[in-house]
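Asks: Build me a model from this:
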Amino acid sequence: MSNDHHALEHDTMVEELVAYLDGELDTESNRRVERRLARDADYRQQLRELQQSWDLLDHLPQADVDQSFTESTIAMVALQTSDDHQHARSRHSRQRRLMIGSALACSVLVFVAAFSATRWWAGRQDRKLLRDLPVIENLDHYRYAESIEFLRLLEREGLFVEEGLDHEL
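Replies: Presented below is the predicted three-dimensional model:
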């Protein structure tokens, strides 16, 4: 049996015996404790030790507590509760601002990504037209060309080259 299990069993036994000494057990639990006391020497020893501790508590002087002690204790509890409540509210407020900021940042990212994708997608046809613009501009000239080889020869000679544009046939 592990030490943790043994410690848990011991704590349970002590709780049960304290409840027995305080008269807090129901009838069936009370009978079960008494049956175990009759057959278990360690259990009886634990009860004796607890009873001795109870008896020693009776010999301690009773402290007289005046009204100001009670009031100051209640005031301290109220102040601590107020501080705890204030801390919880500020933490909740920070979490809420963080969530709103995160949601806003995600929304902006989604918008930018969607805008960029849409712009790229919509601009495909325009880019194709721009790429083909020199051919379109010279379409009338090409119509009278005898062959594609003739057009390539003209291109090599630099006839179709415009500034900033590099075209291949």
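Asks: When you work out contacts or count neighbours from here on, use the C-alpha atoms and nothing else.
Replies: Will do.
Asks: In the protein, what residue spans correspond to helices?
Replies: Ranges of helices in the chain, per DSSP state H, are 3-22, 27-39, 41-59, 67-122, 124-137, 139-143, 148-156.
Asks: What residues of stretch 31-47 count as buried?
Replies: For stretch 31-47, a neighbour-count test (16 or more other C-alpha atoms under 10 Å) marks 33, 37, 43, 44, 46, 47 as buried.
Asks: Quick one: low-confidence residue ranges for the protein.
Replies: For the chain, applying pLDDT under 70 flags the ranges 1-2, 141-142, 159-169.
Asks: can I see the domain layout of it?
Replies: Domain segmentation of the chain under automatic domain parsing yields 3-57, 83-120, 124-156.
Asks: Now the shortest one: buried residues?
Replies: Of all the residues in domain 124-156, those buried under the rule 16+ other C-alpha under 10 Å are 134, 135, 151.
Asks: any idea how far residue 108 lies from residue 95?
Replies: Using C-alpha to C-alpha, to the nearest Å, residue 108 is found at 20 Å from residue 95.
Asks: Dump the buried residues of domain 124-156 into TSV; add distance to residue 66 as well.
Replies: Below are these laid out as TSV (distance: C-alpha to C-alpha, whole Å):
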residue	distance to residue 66
134	102
135	104
151	113
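Asks: show me the residues around residue 114 that make contact.
Replies: By C-alpha atoms under 8 Å, 6 or more residues apart in numbering, the contact list for residue 114 is empty.
Asks: List the contacts of residue 33.
Replies: 16, 17, 20.
Asks: I'd like to know how far it sits from residue 10.
Replies: 14 Å.
Asks: Next: residue 25.
Replies: According to C-alpha to C-alpha, residue 25 and residue 10 sit 18 Å apart.
Asks: Out of all residues in this structure, which is the farthest from the middle?
Replies: For the chain, the residue at maximal distance from the C-alpha centroid (C-alpha atoms, centre = their mean) is residue 146, at 72.8 Å.
Asks: Extract the CA atoms of stretch 143-154 and return them as PDB.
Replies: The C-alpha coordinates for stretch 143-154 follow below in PDB (Å, rounded to 0.1, in the frame of the first residue of the first chain):
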ATOM      1  CA  ARG A 143      -3.100  40.000 -90.000                       C
ATOM      2  CA  TYR A 144      -1.000  40.800 -93.100                       C
ATOM      3  CA  ALA A 145       2.000  38.700 -92.100                       C
ATOM      4  CA  GLU A 146       2.800  35.800 -94.300                       C
ATOM      5  CA  SER A 147       3.800  33.400 -91.400                       C
ATOM      6  CA  ILE A 148       4.800  33.300 -87.800                       C
ATOM      7  CA  GLU A 149       8.400  33.000 -88.800                       C
ATOM      8  CA  PHE A 150       8.200  36.300 -90.600                       C
ATOM      9  CA  LEU A 151       6.800  37.900 -87.400                       C
ATOM     10  CA  ARG A 152       9.600  36.400 -85.300                       C
ATOM     11  CA  LEU A 153      12.200  37.800 -87.800                       C
ATOM     12  CA  LEU A 154      10.700  41.200 -87.400                       C
END
